[in-house]
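[1] Sequence first, predicted model second:
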Protein chains: 2
Amino acid sequence: MTGIRQLAEHLQISIGTVSRALNGKADVNPETRRRVLEAAAALGYVPNQSGRSLRKGTTGVIGFMMQTGPEITGQGDTFFMSVFDGVQSVLARHSLDLVALLCSSEEDPDAYLQRTVARGFADAIILSATRRRDERFALLHRHKIPFISLGRSLTDVGQPWIDLDFEGMAQTAIERLISAGHKEIGVIWPMGDLNLGYLFVDRCRAVLEQHGLSLDESHIFRARPSEAGGYTVAEEIASRPKRPTAVVLVNETLVTGLYKGLEEKGVKPGRDIAIIGRYSPQSQFLSPALTCFNLSLRDLGIALAETLLSTMPSYTDHYAEAAHRQVWPMTLVEGSSG
Amino acid sequence: MTGIRQLAEHLQISIGTVSRALNGKADVNPETRRRVLEAAAALGYVPNQSGRSLRKGTTGVIGFMMQTGPEITGQGDTFFMSVFDGVQSVLARHSLDLVALLCSSEEDPDAYLQRTVARGFADAIILSATRRRDERFALLHRHKIPFISLGRSLTDVGQPWIDLDFEGMAQTAIERLISAGHKEIGVIWPMGDLNLGYLFVDRCRAVLEQHGLSLDESHIFRARPSEAGGYTVAEEIASRPKRPTAVVLVNETLVTGLYKGLEEKGVKPGRDIAIIGRYSPQSQFLSPALTCFNLSLRDLGIALAETLLSTMPSYTDHYAEAAHRQVWPMTLVEGSSG
């Protein structure tokens, strides 16, 4: 097997330079670095990563914890692929790799993370699917593993977070519907204990009350975050004796099913019921096009990575400007649905 | 920090039993195993995984390599989440974890995999996005890392693979359209060098020829595998002086855009043009519902994991029955689109 010494001999440069190039140090000129990496690939250089990990205490890997499983399949998957893209564009600057830590929905996320920490292969972690109260924060804090959460929580260990502006979204959506004359406004809230649902529904309720209206409890619909969930909730909405004239939804993964379900019951989106939701790859291709909130998921990924790196001693100088906590704005995309 | 000795003392069982329980050995009774894992979590037991990896030569982690990036965002993401679910259900039996190895589309997959191998944190790897010729096979073979590819390739190092039955799908779809009287049949082929596109188009061409028809070169449409790609290709189809009366598509991620684009040009899917495609979370909620090919992605994930484990000495006895190579059937779901 080709080691670092053979590589240095082959290239006729010092072992120190080869080592610094392989380890992504900034003081190696780009051309040398390129030559070293090409030779490493060509000659099949394989460092003993486990040994390297023990010596340096780093792995070169950042983990992104996300949930998988039949119930949540289709939830945010397109979302995550785009976020990953942004995260990777930052990590590539430092020769860090991103791996997705896949926690099955059948597993306790806290126990899963405990095991992941034990395996010790990530230098830092990005958490998603942040819950109302989230034990994972304390676990990582206790083990001194740098992390950032995508999402706020009632739990707070002082870690950095970035969260979408679900409250601003609720405010804008509800005020838009009130301006259009709606008084009976419903909310679709994804099942589960994610914190974002609470933020969203609480703000919807508050804005309605500011305008002398109220959020009827029978107008809060809990739905599985999937197209089938959207279809089911459409049947529920259509069957209510007092149907809301408008609904807002915080989740992007159920709107095609919602449209279809409503149409089958003779309730035409945009005409018989106003709908405001979240942007998805499908949303602009629905008829009528969905009025929805969008954001640059790639930029969100970039910010997650930069903020995380700003808390890690080796990278902190590069990202001194990174905000510790951010509420990430979303933009209204005008459609014809509401 | 709580070590294995403290854990054994706390539980009043032998260090050997605790170790075997923690390492997922089969000879520990389930109740003991449960007690050990609970205590490990409660007391914050953290083995030195890097040390463990050096001693045992295993990491307890299986990697699933997939591509990410702006161009392919939305491609197969729902697909992968469901496959992961099946893979994880098998790995959980052996206390193995799955991580997704995210290769940015801006990176060379071969170089990426080389680096991943160097990091050495996965005991075995599942490859996806299999190309027409795929250098990754030889790399893993050379390093004696067990792997399975989701997809065949012209490259063959004797590794196990599972591939969807793209040829059977092409055959059934084309024959169905011919039976319905179509003579001008087009094919939508996702851009890139994935092997599945070749298998699909070649078989479409062969079946048409068997029936005395031919695949007109101007009826082969290359599309980005995204809703926007579907929308663009719809404009292309609609603008052709001699438009195909039917199209088949191998990819599931562009059909909503395709429908919308065709409708805007006054070409109604199912009425003015027949469409046969792949099942997606949205496909049954389109109007008209898409005639499409479906499979159990969870079962596919289970088969991938079981076949992979059957090639690993520690697990081979459990999976003696696993087929080394499999063409995975898909089922036609009758819609109204074609």
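    Yep, that arrived.
[2] And the strands in chain A?
    Secondary structure of chain A (DSSP state E): strands located at A:61-68, A:97-104, A:124-127, A:147-150, A:161-164, A:185-190, A:220-223, A:246-249, A:274-278, A:291-294, A:325-328, A:331-333.
[3] just those: most buried one?
    Of the strands of chain A, the one with the most neighbours on average (mean count of other CB atoms under 10 Å in any protein chain shown) is strand A:246-249, at a mean of 27. Where you see a C-beta, it was placed from the backbone N, CA and C, and this is true even at glycine.
[4] quick one: that one to chain centroid distance?
    On the basis of CA atoms, centre = their mean, to the nearest Å, strand A:246-249 sits 22 Å off its chain's mean C-alpha point.
[5] elements contacting that strand?
    helix A:166-179, strand A:185-190, strand A:274-278 (3 or more CB pairs under 8 Å, 6 or more residues apart in numbering or on different chains; DSSP states H and E).
[6] Redo the strands of chain A as CSV? Include mean pLDDT.
    Shown next, in CSV, are these (pLDDT from 0 to 100):
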stretch, mean pLDDT
strand A:61-68, 92
strand A:97-104, 92
strand A:124-127, 98
strand A:147-150, 98
strand A:161-164, 98
strand A:185-190, 95
strand A:220-223, 95
strand A:246-249, 97
strand A:274-278, 97
strand A:291-294, 97
strand A:325-328, 97
strand A:331-333, 97
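[7] export the ones you listed to CSV and tack on distance to B:F137?
    Formatted as CSV, these follow (distance: least, CB to CB, whole Å):
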stretch, distance to B:F137
strand A:61-68, 24
strand A:97-104, 21
strand A:124-127, 31
strand A:147-150, 35
strand A:161-164, 39
strand A:185-190, 41
strand A:220-223, 43
strand A:246-249, 44
strand A:274-278, 40
strand A:291-294, 40
strand A:325-328, 41
strand A:331-333, 44
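[8] which bits of the stretch 151-300 of chain A sit near chain B?
    Proximity of the stretch 151-300 of chain A to chain B (CB under 8 Å from any CB of the partner chain) is limited to residues A:226-228, A:231, A:253, A:256-257, A:259-260, A:263, A:281-282, A:284-287, A:298.
[9] so of these, which ones are in helices?
    Judged by DSSP state H, these include A:E227, A:A228, A:Y231, A:T256, A:G257, A:Y259, A:K260, A:E263, A:R298 as members of helices.
[10] Relative to B:Q88, which of those residues is nearest.
    A:A228 (21.3 Å; CB to CB).
[11] Could you report the separation of that closest one from A:E9?
    For A:A228, the distance to A:E9 equals 61 Å [CB to CB, to the nearest Å].
[12] For those two, work out which one has more neighbours and name it.
    Regarding A:A228 and A:E9, a neighbour count based on other CB atoms under 10 Å in any protein chain shown identifies A:A228 as having more, with 16 against 11.
[13] Just list the residues touching that one, thanks.
    A:G257, B:P281 (CB atoms under 8 Å, 6 or more residues apart in numbering or on different chains).
[14] And it, how close does it get to B:Q282?
    A:A228 sits 11 Å away from B:Q282, going by CB to CB.
[15] Same check on A:A170?
    Remark: distance between A:A170 and B:Q282 (CB to CB) = 26 Å.
[16] next one: A:T331
    Counting by CB to CB, the gap from A:T331 to B:Q282 is 24 Å.
[17] Number of residues surrounding A:D27?
    A:D27: 7 surrounding residues under other CB under 10 Å.
[18] which ones are touching it?
    Per CB under 8 Å, 6+ apart, neighbours of A:D27: A:R20.
[19] again with A:K268
    With contact set as CB under 8 Å, 6+ apart, A:K268 has these partners: A:L262.
[20] what does the one 10 residues further on give?
    Under the criterion of CB under 8 Å, 6+ apart, the contact partners of A:R278 comprise A:L249, A:V250, A:N251, A:E252, A:V255, A:C292, A:F293, A:N294.
[21] and the closest residue to A:K183 other than its chain neighbours, how far is that from A:R240?
    What sits nearest to A:K183 in space, not counting adjacent residues and going by CB to CB, 6 or more residues apart in numbering or on different chains, is A:L213, at 5.9 Å. Distance of A:L213 to A:R240, given as CB to CB: 17 Å.
[22] same thing with A:K144?
    From A:K144 to A:R240 the distance is 52 Å (CB to CB).
[23] same thing with A:G151?
    31 Å.
[24] Compare those two and say which is more crowded by neighbours.
    More crowded of A:G151 and A:R240, by other CB under 10 Å: A:G151, with 19 against 14.
[25] can you pull the contacts of the more buried one?
    So A:G151 contacts A:L127, A:S128, A:A129, A:T130, A:W161, A:D163, A:L194, A:N195, A:L196 (CB under 8 Å, 6+ apart).
[26] same check, this time on A:L295
    Shown in contact with A:L295 (CB under 8 Å, 6+ apart): A:L164, A:Y279, A:W328, A:P329, A:M330, A:T331.
[27] If I look at it, what pLDDT would I see?
    pLDDT recorded at A:L295 is 95.
[28] Now do it against chain B, distance only.
    A:L295 sits 14 Å away from chain B, going by CB to the nearest CB, to the nearest Å.
[29] repeat for A:A21
    Applying CB to the nearest CB to A:A21 and chain B gives a distance of 13 Å.
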